[in-house]
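Colleague: sequence first, predicted coordinates after that:
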Amino acid sequence: MHTPTLIYIHDPMCSWCWGFRPALQALRARLPADMGFERLLGGLAPDSDQPMPEAMREQLQDTWRRIQQRIPGTRFNFDFWKRCTPRRSTWPACRAVIAARSLDPACEDTMILAIQEAYYLHARNPSDEAVLVRLAEEIGLSREAFAQRLRAPETGQTLQAERARAEALGVRGFPSLVLQTGPAARWPIAVDYTEPQAMLEQIALVLDAG
């Protein structure tokens, strides 16, 4: 018997994932007790040391404003765009989540939140390895062990494997939810940024049909 599992595909530097966080927490709190939950890192943007083009900076700031309008209560610190040198590079932050998880599985979500708050609230740049190492230290992980794990080839390989799984699930954007009820039985669950009940009803329909 396959345990139904809700798979959440995300990127810690995806601004829509930041906006979705409260609804996701509410959804998880109300999932059936026997349902599994798994996170997969989708990896929005590969490593880059190039400054983000001005047009992309404007586009992302517009996205932040749109999220604030769409999802009440979502906060962004626009000082980021003045204080930091933005790069279109989210894979380092994704590897940081994997590194934290490998050192302590209980730290996975703590690290995700630390990255999100650093980026969106405190104008710190999680594309920078030094920032990620400091964040790991701030949440109680060993600075040396984390830095070593962050750079380890296995960590990069895990990210690519998770990206491949997300693609196999048919995921093309983040955040995404997929309910897996069997080895080949997968059901996309439409993300609702403000109302967990709508997602719970979709999940219930799939489970009832099964």
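Modeller: Happy to help now that I have it. Residues are numbered from 1 along each chain as shown.
Colleague: could you pull out the strands for the chain?
Modeller: Listed in chain order, the strands of the chain (DSSP state E) span residues 5-10, 36-41, 176-182, 185-189.
Colleague: just say which of those is most tucked in.
Modeller: strand 5-10 (a mean of 22; mean count of other Cβ atoms under 10 Å). No exception for glycine: its C-beta is placed from N, CA and C like everyone else's.
Colleague: strand partners of that one, parallel vs antiparallel please.
Modeller: Applying DSSP bridges, strand 5-10 is found paired with strand 36-41 (parallel), strand 176-182 (antiparallel).
Colleague: contacts for the shortest one?
Modeller: In this structure, residues lying in contact with strand 36-41 by Cβ atoms under 8 Å, 6 or more residues apart in numbering are 3-12, 28, 31, 94, 97-98, 108, 112, 159, 162-163, 165-166, 169.
Colleague: can you flag the buried ones in the residues you listed?
Modeller: Buried members of the contacts of strand 36-41, scored by 16 or more other Cβ atoms under 10 Å, are 4, 6-12, 31, 94, 97-98, 108, 112, 159, 162-163, 165-166, 169.
Colleague: R151 and L179: what is the separation?
Modeller: For R151, the distance to L179 equals 35 Å [Cβ to Cβ, to the nearest Å].
Colleague: tally of neighbours for R88?
Modeller: Using other Cβ atoms under 10 Å, R88 has 17 other residues around it.
Colleague: residue contacts, the closest residue to it other than its chain neighbours?
Modeller: Residue nearest to R88 in three dimensions, not counting chain neighbours: A45, with 4.7 Å by Cβ to Cβ, 6 or more residues apart in numbering. Neighbour list for A45: M13, R88, S89, T90, W91 [criterion: Cβ under 8 Å, 6+ apart].
Colleague: try 10 Å
Modeller: Counting by Cβ atoms under 10 Å, 6 or more residues apart in numbering, A45 makes contact with 11, 13-14, 52, 87-94, 127.
Colleague: what subset of those is buried?
Modeller: Among those, those classed as buried by 16+ other Cβ under 10 Å are 11, 13-14, 52, 87-94, 127.
Colleague: so which of the residues you listed is the closest to F78?
Modeller: Ranked by distance to F78 (Cβ to Cβ), the buried ones among the contacts of A45 are led by M52 at 14.6 Å.
Colleague: contacting residues for R28?
Modeller: Each residue near R28 by Cβ under 10 Å, 6+ apart is listed here: L6, Y8, M35, F37, D109, P196.
Colleague: what's the answer for I139, then?
Modeller: With Cβ under 10 Å, 6+ apart, I139 has these contacts: A100, D104, C107, T110, M111, L113, A114, F146.
Colleague: quick one: the third one and L141 touch, right?
Modeller: Yes - between C107 and L141 there is a contact at 6.3 Å, judged by Cβ atoms under 10 Å.
Colleague: list residues touching both of those two?
Modeller: By Cβ under 10 Å, 6+ apart, the residues touching both C107 and L141 are A99, A100.
Colleague: just the pLDDT at M1, thanks.
Modeller: For M1, the pLDDT comes out at 56.
Colleague: what does T155 give?
Modeller: You'll see T155 listed with a pLDDT of 98.
Colleague: I'd assumed A147 was in contact with it.
Modeller: No - using Cβ under 10 Å, T155 makes no contact with A147, being 11.1 Å away.
Colleague: need the overlap of contacts for these two.
Modeller: Taking Cβ under 10 Å, 6+ apart as the criterion, T155 and A147 both touch A99.
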